[in-house]
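Student: A predicted structure for the sequence below; I have some questions about it.
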Amino acid sequence: MSIRGERIIITLLGKRNVGKSSLINAITNQEIAIVSATPGTTTDPVAKRYELVPIGPVTLYDTAGLDDVGELGEKRVQSTFKVLFRTDIAILVSDGLAFESSELEMIERLKELKISFVVAFNQMDLRDVHQGNVDYCEQHQIKYVRVSSTTKEGVDELKDLLISLAPKAQADRILAGDLVERGARVVLVTPIDASAPKGRMILPQMQTVRDLLDHHAIVTFCQPQELEATLKSFKEPVDLVITDSQAVKQVERQVPQEIALTTFSILFARYKGELETMARGVRQIDKLKDGDKVLIAEACSHHAQEDDIGTVKIPKWLMEYTQKDLIFEAGRGYDYPANLEDYQLIIHCGGCMLNQAEMMRRIVEAERRGVPITNYGLAITKVQGVFERCVKPLGI
Ligand SMILES: Nc1nc2c(ncn2[C@@H]2O[C@H](COP(=O)(O)OP(=O)(O)OP(=O)(O)O)[C@@H](O)[C@H]2O)c(=O)[nH]1
Ligand code: SF4
Ligand SMILES: [Mg+2]
């Protein structure tokens, strides 16, 4: 039940020398992480793969101590924070001694980022947990477990807790199947241009097809140029058209009003639980004023295909649509710019290089800083003037 074919990421955090690396070895039953009595042994986040039955394959991240000192230590703590952005579940490993500020701060941070976590009081063969820690966990409804990496006591209990915290299987979620009845005719429009991968369809399209077939719809694919002929080729009217956002304007003109129309971006935003936030963000476009700043956020700096969309096409369309003098800035990479609050809107890339936890975290961060956020696909549909029509089939 991994997320969209991705492994669930479990990150171990804690002060130096509390036994994070030892605990990874105890969980996986392998001596894969380097353990030593010298504090600061693990310096950079290290990933270990492991099959956690019944969740399936997970990635365990070993990290450097939160209380690492000096300039280098600070850098290490920063790289731990980066791993957190991708984390589904965290284990805060403690030696059971009274919580220190670095641990309490981490608990706050985990809550802020909405990361499910459990506290593992390790080294239980050496000492019992400080009563204050137990009280703290009880008061704040934090799950905790006593373990020993050495004797393996409590390790199974810890695994059970991890399993209970695993994100719900997306297999249960519906992409498009709920929009149509058995036997419905659905046309998927996908332009095959230079940005399309050679020799195959992209995964989101195949996931949509699979979901529609699961619901016994009749699915047809075509390019925008063949849409009119495709619509005419059915004896009965088509029930639903799903298009790539980039062709939405052209497609919208050809699809009669009585046929439902939506886009892959909208379907996936709903599937991933982002639609409400992203739709709110898209409506911010109508509220933009002269001089407002728009952040074009691209999650990675390396991509060939989308430059044009993010830095040229979207700004151009947005200016035309709003008739406002807007300032566009591109922010690339893992972190948002420090001055995020200065922007009136974030338009985020498709995030194809991010896992769902990462994307969710970026959305949560935008919300926390009070900046509306939407994505390329939704923004394109909006500035092409067809957003409301395209969300209508989803009951919005
Ligand atoms: N007795 C006992 N010793 C433990 C336990 N867990 C870890 N240790 C010991 O504690 C020391 C530190 O363990 P590590 O696993 O390297 O700790 P760490 O948190 O990864 O440390 P850094 O990477 O330096 O931050 C080692 O000497 C381990 O053998 C435990 O449950 N019981
Ligand atoms: S994550 Fe994907 S969509 Fe976003 S900038 Fe990188 S390549 Fe482009
Ligand atoms: Mg270590």
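Tutor: Happy to help now that I have it. Ligands and ions are numbered 1, 2, ... in the order given.
Student: measure residue 95 to ligand 1 for me?
Tutor: Spatial separation of residue 95 from ligand 1 under the definition C-beta to the nearest ligand atom, to the nearest Å is 8 Å. Yep, even glycine has a C-beta here, placed from its N, CA and C like the rest.
Student: next, the contact list for that residue, please.
Tutor: With contacts taken as C-beta atoms under 8 Å, 6 or more residues apart in numbering, residue 95 has the following neighbours: 15, 17-19, 121-123, 127.
Student: restricted to strands, list these.
Tutor: Counting by DSSP state E, the part of the contacts of residue 95 found in strands is residue 121.
Student: nearest to residue 313 among the contacts of residue 95?
Tutor: Residue 313 lies nearest to residue 15 out of those, by C-beta to C-beta, at 48.6 Å.
Student: wait, doesn't residue 188 sit right on residue 219?
Tutor: Yes. Shown here, residue 188 and residue 219 form a contact pair, counting by C-beta atoms under 8 Å, at 6.5 Å.
Student: return every residue with contacts to both of these two.
Tutor: For the pair residue 188 and residue 219, residues contacting each of them under the criterion C-beta under 8 Å, 6+ apart are residue 209.
Student: next SSE downstream of the helix or strand harbouring residue 314?
Tutor: When secondary structure is defined using DSSP states H and E, the element that contains residue 314 is helix 314-322. Taking DSSP H and E as the definition, the helix or strand that follows helix 314-322 towards the C-terminus is strand 327-332.
Student: contacts for the next helix or strand after that next one, please.
Tutor: Next in sequence after strand 327-332, counting helices and strands by DSSP H and E, comes strand 345-348. For strand 345-348, contacts defined as C-beta under 8 Å, 6+ apart pick out 281, 284-285, 288, 292, 294-297, 299, 310, 314, 336, 340, 362, 366, 371-376, 379.
Student: partner strands of strand 345-348, with direction?
Tutor: Listed by DSSP bridges, the sheet partners of strand 345-348 and their directions read strand 293-298 (parallel), strand 373-375 (parallel).
Student: let me see the mean pLDDT of that strand.
Tutor: When pLDDT is averaged over strand 345-348, the result is 97.
Student: how about the residues of the stretch 251-396 of the chain near ligand 2?
Tutor: Neighbours of ligand 2 within the stretch 251-396 of the chain, by C-beta under 6 Å from any ligand atom: 298-300, 303, 306, 349-354.
Student: now those residues in a markdown table, with distance to ligand 3 and neighbour count?
Tutor: Formatted as a markdown table, those follow (distance: C-beta to the ion, whole Å; neighbours: other C-beta atoms under 10 Å):
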| residue | distance to ligand 3 | neighbour count |
| --- | --- | --- |
| 298 | 33 | 24 |
| 299 | 29 | 19 |
| 300 | 28 | 13 |
| 303 | 34 | 15 |
| 306 | 38 | 16 |
| 349 | 35 | 21 |
| 350 | 36 | 21 |
| 351 | 31 | 20 |
| 352 | 32 | 14 |
| 353 | 28 | 13 |
| 354 | 27 | 20 |
